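Participant: Okay, sequence plus prediction incoming.
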Amino acid sequence: MSEPQPKRIVKKESVPSRLLPAGRRNVRVSLPPGYSELAEYPVVWCQDGEDFFNFGRIATIASALIAEGEIEPLLVVGVDVDKAVRTREYAADGDLHERYIAFFAEELVPHVAARYPVRTEPEHALLAGCSLGGAVSLQLALAFPHQFVNVLSLSGAYYPASQAAIAEAGDLSHLNIFMTVGLQETAFRTDRGVSDFVAMNREARNKLVERGANVDYFERDGEHLWGYWQKDVPDGLRWFAGI
């Protein structure tokens, strides 16, 4: 018989917004096994929330690691995105980018903190994303360093505007980032053409290190797919727990 899965609860909510054109954003909140309103929990904030939960299996993986005692109990918040405007929100040069990151820091985080017993110190928050989700996670950390200092970037799409933002940053010794990229991601077609994700991640890594960021960087065989990224989720969560 297979081992029983640790019990967890996923709640779905709609967060009102004055900043986003749609006026609200759907999120899902995974509560850890043994959740108690008397405790305070770190939070993992996931871009592409629906995909991160369904394909990345982050809530399931986190619950298993918690049950096994490998990481402390934490909340996982998945922020959904409309794929039709994803690039406009996530890309550093997107026309909705500033609105999205302001919503995230100024509306989403307070909304969750008002409803759940979470730790609000920056060291207890992890921004997680794949591809453009990794890039916007880093943008959030650059824009709001007093709220976010930890980033999990899976094959981050660090296009020129993101590279420029890193180059323009000052001292980043407060920033911790776990970066992975697949060695078969050298010619992946996106809505911006064919991109070499290995080259762009190496360039971003070098710029971050030059500015004092604490970078754990890994290249492994893999393609630009959730089948590759999902394998790095457990190590990313363990890394966050060990900071």
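Facilitator: Nice, I can see it. All values reported here derive from a predicted model rather than from experimental measurement. Residues are numbered from 1 along each chain as shown.

Participant: ok, Leu142 - contacts?
Facilitator: Under the criterion of CB atoms under 8 Å, 6 or more residues apart in numbering, the neighbours of Leu142 are Ala165, Ile166, Ala169. Where you see a C-beta, it was placed from the backbone N, CA and C, and this is true even at glycine.

Participant: pLDDT score for the residue nearest the centre of the chain?
Facilitator: The centroid of the chain falls nearest to Ala128 when counting by CA atoms, centre = their mean (1.3 Å). Note on Ala128: pLDDT of 98.

Participant: ok so it is a strand residue?
Facilitator: Yes. Assessed with DSSP: H, G, I helix; E, B strand; the rest coil, Ala128 lies in a strand.

Participant: from what I can see it touches Val43, true?
Facilitator: No. Using CB atoms under 8 Å, Ala128 makes no contact with Val43, being 10.4 Å away.

Participant: Mind naming the longest helix for this structure?
Facilitator: The single longest helix within the chain, with elements called by DSSP state H, is helix 226-242.

Participant: re the thing from before, who's in contact with the residue nearest to the centre of the chain?
Facilitator: So Ala128 contacts Val44, Trp45, Cys46, Gln47, Phe52, Ile58, Ser137, Val151, Leu152, Leu154, Gly236 (CB under 8 Å, 6+ apart).

Participant: Which residue, other than its chain neighbours, is closest to it?
Facilitator: Excluding the flanking residues, the one nearest Ala128 by CB to CB, 6 or more residues apart in numbering is Leu152, at 4.1 Å.

Participant: ok, what's across the strand from that neighbour?
Facilitator: Assessed by DSSP bridges, Leu152 has beta-bridge partners Ala128, Phe178.

Participant: where along the chain do the helices fall?
Facilitator: Counting by DSSP H, the helices of the chain are 49-54, 58-67, 86-90, 97-103, 109-115, 132-143, 160-168, 197-210, 226-242.

Participant: quick one: buried residues of the first one?
Facilitator: Residues of helix 49-54 classed as buried by neighbour count (16 or more other CB atoms under 10 Å): Gly49, Glu50, Asp51, Phe52, Phe53.

Participant: Look up the closest residue to the second one, ignoring the ones flanking it.
Facilitator: Right, Glu50. Going by CB to CB, 6+ apart, Glu50 has Asp80 as its nearest residue, at 5.1 Å.

Participant: right, and Val29 touches Val112 too?
Facilitator: Yes. Under the criterion of CB under 8 Å, Val29 makes contact with Val112 at 6.9 Å.

Participant: Would you mind listing where this protein has pLDDT under the threshold?
Facilitator: Counting by pLDDT under 70, the chain shows low-confidence ranges at 1-7.

Participant: 90 instead, please
Facilitator: 1-8, 191-192, 243 (pLDDT under 90).

Participant: show me what contacts the closest residue to Asp51 other than its chain neighbours?
Facilitator: Once flanking residues are discounted, Asp51 sits nearest to Trp226: 6.8 Å by CB to CB, 6+ apart. Each residue near Trp226 by CB under 8 Å, 6+ apart is listed here: Asp51, Phe55, Gly56, Cys130.

Participant: Could you do Ile61 as well?
Facilitator: Neighbouring residues of Ile61 by CB under 8 Å, 6+ apart: Gln230, Val233, Pro234, Leu237.

Participant: show me what contacts Ile209?
Facilitator: Quick fix: residue 209 reads Val, not Ile. Per CB under 8 Å, 6+ apart, neighbours of Val209: Val215.

Participant: Distance check, it against Arg18.
Facilitator: In this view, Val209 and Arg18 are 38 Å apart by CB to CB, to the nearest Å.

Participant: count of neighbours near the closest residue to Gly129 other than its chain neighbours?
Facilitator: Spatial nearest neighbour of Gly129, excluding adjacent residues (CB to CB, 6+ apart): Gln47 at 3.7 Å. By other CB atoms under 10 Å, 27 other residues sit near Gln47.
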